[in-house]
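S.K.: Let's see this in three dimensions:
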Amino acid sequence: MASLLDQTALADLADRLVAAARRAGADAADAIAVRSVSLSVDVRDGAVEESQRSEGDDLGLRILVGRKQAVVSTNDLKGDGFDAFAARAVAMARAAPEDRFAGLADPALLARKFPALDLLDPDMPAVGVLEKRAREAEAAGLSVAGVTKSGGASAAAGIGGMVLVTSDGFHGATIGSRHSISMSAIAGSGTGMETDYDFTSTLHAADLESAAQIGRSAGERAVKRLNPRKVATRRVPVVFDSRIAGSLIGHLASSANGSAIARKTSFLREKLGDGIFAQNIDIIDDPLRLRGLRSRPFDAEGVATSARKVVEGGVLKTWLLDSATARELGLETTGHAQRGVSSTPSPGPSNLHLAAGAKSPDELIAEIEDGFYVTSLIGMGVNLVTGDYSRGASGFWIENGKTTYAVSEVTIAGHLLEMFRSLVPANDLTFRYGTNAPSLRVEGLTVAGH
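M.R.: Next comes the predicted model:
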């Protein structure tokens with residue numbers, strides 16, 4: 001563990017890669033060095049089904065020769081391998097087609113300060129601790145009346161460090177941890193079985209929900225889904241449970257992604273500066289949130305990050321940009337570059353959330369005479385070019401302001417712009433995922449049943 005927490009060796013690897021790239025004839029280069037270790041234990045029916053440990057180093061080198069670029073990666077460099085590796089990358093770049101928007105980030109935008117974001121829990125749990133967490137979650141799920149089988153429970157933990165070095169002189173490092181517990185429960189029997197799950201994932205073990213709480217929640221969710229009914233096709237208000245409401249904000253982020261805007265493959269491409277939500281809606285991307293699952297002091301190009309409102313007062317304020325898409329659109333990067341060791345940078349959100357509203361979920365539901373409370377979504381029937389939305393769903397029917405019987409095997413459909421404009425947030429925002437939203441009510445979706 002000590003070697004993982006000491007990032008000096010990682011920084012040396014990245015430095016050597018960039019130096020080798022310059023010797024090989026690169027005009028510019030950046031290198032990423034990543035080190036990670038993870039443990040996981042899976043339990044089913046009270047017995048350990050699988051226990052895994054993984055550990056590894058990965059290196060990525062991006063070469064720029066003029067406006068041509070290439071990316072190579074490896075997990076094994078020894079001796080003079082750096083020079084051979086870099087020479088191969090330079091040769092690949094010279095043979096690549098020209099990309100007039102390729103290049104390193106503007107040096108004036110690079111991070112110079114690295115705020116402490118409390119991303120690391122240095123205490124890696126032993127396998128026995130993970131096994132105990134998984135067993136507790138499964139036992140709690142199986143103790144719920146109506147649960148007949150376990151779909152399995154798991155607990156995992158890991159630590160990962162990353163160093164980014166550029167030929168412009170940027171040196172940055174991050175290190176973070178991750179802990180998680182999950183459980184899947186099955187209720188009923190025969191053709192009447194239903195399943196559901198719950199999980200918790202945090203950077204620090206102290207922030208995890210208890211294993212027993214996760215197991216009970218999974219079991220209770222599965223039991224509530226028993227004996228689902230069909231409903232007739234109709235157009236009604238739909239309430240998205242907070243666990244899946246973030247998917248709508250994810251569709252916004254994908255549509256406001258600079259790559260989609262530059263390719264003209266987003267239904268929002270003409271909407272910058274327009275009011276696309278109600279005036280009380282704010283959507284914030286905050287890469288500097290303490291203990292955030294996607295927090296980072298700099299992006300994958302070394303650009304300093306900052307919190308910004310993607311939507312403010314209902315108005316779409318910005319695209320999510322890296323340097324290349326910003327150049328293509330005649331704008332400045334927003335510090336949203338993401339990258340793996342074997343890919344070029346591309347934009348993506350960090351900790352994205354929709355601000356909470358004033359009413360509770362029960363109050364939103366109480367205003368609905370006939371509607372649908374969605375707790376689970378399946379399928380990927382969302383067209384971000386046109387904005388058309390259609391997904392399989394299950395949940396509970398709303399009658400006279402209260403949830404009643406379970407509903408499954410239906411489809412909800414609408415258009416994202418219309419959904420955004422009618423969206424009303426509840427007050428139950430929690431930060432459980434990378435993209436978060438409170439429960440959301442959307443007016444006039446088509447529920448396709450029988």
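
S.K.: CA atoms for contacts and neighbours, from now on please.
M.R.: Will do.

S.K.: Show me how the chain divides into domains.
M.R.: Domain assignment for the chain, taken from automatic domain parsing, gives 2-221, 228-450.

S.K.: pLDDT (mean, whole number) over the helix or strand hosting residue 172?
M.R.: If you go by DSSP states H and E, residue 172 is part of strand 171-187. Strand 171-187 carries an average pLDDT of 97.

S.K.: Residue 447 belongs to a helix, doesn't it?
M.R.: No: using DSSP: H, G, I helix; E, B strand; the rest coil, the assignment for residue 447 is strand, not a helix.

S.K.: picking up where we left off before, tabulate the domains of the chain in CSV, adding columns for mean neighbour count.
M.R.: Below are the domains of the chain laid out as CSV (neighbours: other Cα atoms under 10 Å):
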stretch, mean neighbour count
domain 2-221, 20
domain 228-450, 20
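
S.K.: Sketch out the helices for the chain, chain order is fine.
M.R.: Along the chain, counting by DSSP state H, helices occupy 2-5, 8-23, 81-95, 127-142, 211-224, 242-255, 258-263, 323-329, 361-366, 416-422.

S.K.: and of those, who's closest to residue 108?
M.R.: helix 323-329 (12.4 Å; Cα to Cα).

S.K.: Packing partners of that closest one?
M.R.: helix 258-263 (3 or more Cα pairs under 8 Å, 6 or more residues apart in numbering; DSSP states H and E).

S.K.: ok so, going back, check the helices of the chain for me: which has the lowest mean pLDDT.
M.R.: Mean pLDDT per stretch puts helix 2-5 lowest among those, at a mean of 54.

S.K.: what's the nearest residue to residue 19 once chain neighbours are set aside in contact with, if anything?
M.R.: Distance criterion Cα to Cα, 6 or more residues apart in numbering; nearest residue to residue 19, sequence neighbours excluded, is residue 167 at 7.9 Å. Residue 167 is in contact with 18, 19, 28, 29, 30, counting by Cα atoms under 8 Å, 6 or more residues apart in numbering.

S.K.: what's the answer for residue 74, then?
M.R.: Residue 74 makes contact with 58, 59, 60, according to Cα under 8 Å, 6+ apart.

S.K.: need those residues in JSON lines with pLDDT, can you?
M.R.: Putting the contacts of residue 74 into JSON lines (pLDDT from 0 to 100) gives the following:
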{"residue": "58", "pLDDT": "93"}
{"residue": "59", "pLDDT": "94"}
{"residue": "60", "pLDDT": "96"}
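
S.K.: With distance to residue 300 as extra columns, can I get the helices of the chain in TSV?
M.R.: Shown next, in TSV, are the helices of the chain (distance: least, Cα to Cα, whole Å):
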stretch	distance to residue 300
helix 2-5	20
helix 8-23	14
helix 81-95	19
helix 127-142	32
helix 211-224	34
helix 242-255	18
helix 258-263	15
helix 323-329	10
helix 361-366	38
helix 416-422	30
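
S.K.: Report all helices and strands that the strand holding residue 172 contacts.
M.R.: Packed next to strand 171-187, using 3+ Cα pairs under 8 Å, 6+ apart, are helix 127-142, strand 147-166, strand 194-202, helix 211-224.

S.K.: Kindly calculate the angle that that strand makes with helix 127-142.
M.R.: On the basis of axes from the mean of the first three to the mean of the last three Cα atoms, to 10 degrees, strand 171-187 is oriented at 40 degrees to helix 127-142.

S.K.: could you pull out the strands for the stretch 351-450 of the chain?
M.R.: For the stretch 351-450 of the chain, the strands defined by DSSP state E, counting those that start in this stretch occupy 352-354, 370-378, 382-383, 388-399, 402-415, 424-425, 435-436, 440-448.

S.K.: Please compute how far the third one lies from its chain's middle.
M.R.: Distance, stretch centre to chain centre, for strand 382-383: 18 Å (Cα atoms, centre = their mean, to the nearest Å).

S.K.: Show me what it packs onto, helices and strands only.
M.R.: Contacts defined by 3+ Cα pairs under 8 Å, 6+ apart place strand 382-383 against strand 388-399.

S.K.: Could you tell me the angle between the strand it packs on and strand 402-415?
M.R.: Relative orientation of strand 388-399 versus strand 402-415 (the same axes, to 10 degrees): 160 degrees.

S.K.: Look up how far residue 161 lies from the nearest residue to residue 37 once chain neighbours are set aside.
M.R.: With Cα to Cα, 6+ apart as the criterion, residue 37 has its nearest non-adjacent residue at 4.2 Å, and that residue is residue 55. With distances taken as Cα to Cα, to the nearest Å, residue 55 is found 12 Å from residue 161.

S.K.: what is in contact with these two at once?
M.R.: 35, 36.

S.K.: Compute the first-to-last residue distance for stretch 271-282.
M.R.: For stretch 271-282, the end-to-end distance is 16 Å (Cα to Cα).

S.K.: What lies in contact with that stretch?
M.R.: Against stretch 271-282 from outside (Cα under 8 Å, 6+ apart): 309-319, 354-355, 417, 420-423.

S.K.: how does it look with 6 Å?
M.R.: The contact list for stretch 271-282 (Cα atoms under 6 Å, 6 or more residues apart in numbering) reads 311, 312, 313, 314, 315, 316, 317, 354, 355, 420, 421.

S.K.: next one: it to chain centre, how far?
M.R.: Its chain's average C-alpha position is 23 Å from that of stretch 271-282, according to Cα atoms, centre = their mean.

S.K.: quick one, what contacts the nearest residue to residue 257 once chain neighbours are set aside?
M.R.: Distance criterion Cα to Cα, 6+ apart; nearest residue to residue 257, sequence neighbours excluded, is residue 320 at 4.9 Å. Neighbour list for residue 320: 257, 258, 336 [criterion: Cα under 6 Å, 6+ apart].

S.K.: and residue 370, bridged to which residues?
M.R.: Taking DSSP bridges as the rule, residue 370 bridges to residue 399.

S.K.: thinking it is in contact with residue 399, fair?
M.R.: Yes: Residue 370 is within contact range of residue 399, at 5.0 Å (criterion: Cα atoms under 6 Å).

S.K.: any common contacting residues for the two?
M.R.: Between them, residue 370 and residue 399 share no contacting residue, judged by Cα under 6 Å, 6+ apart.

S.K.: Run through this structure and note the low-pLDDT ranges.
M.R.: Where the chain drops to pLDDT under 70, the residues are 1-6, 79-80.

S.K.: Quick check: the nearest residue to residue 416 once chain neighbours are set aside vs residue 178, distance?
M.R.: Closest residue to residue 416 apart from its sequence neighbours, by Cα to Cα, 6+ apart: residue 387 at 5.2 Å. Noted for residue 387: a distance of 34 Å to residue 178, by Cα to Cα.

S.K.: and if you look at residue 392?
M.R.: 31 Å.

S.K.: ditto for residue 76
M.R.: 26 Å.
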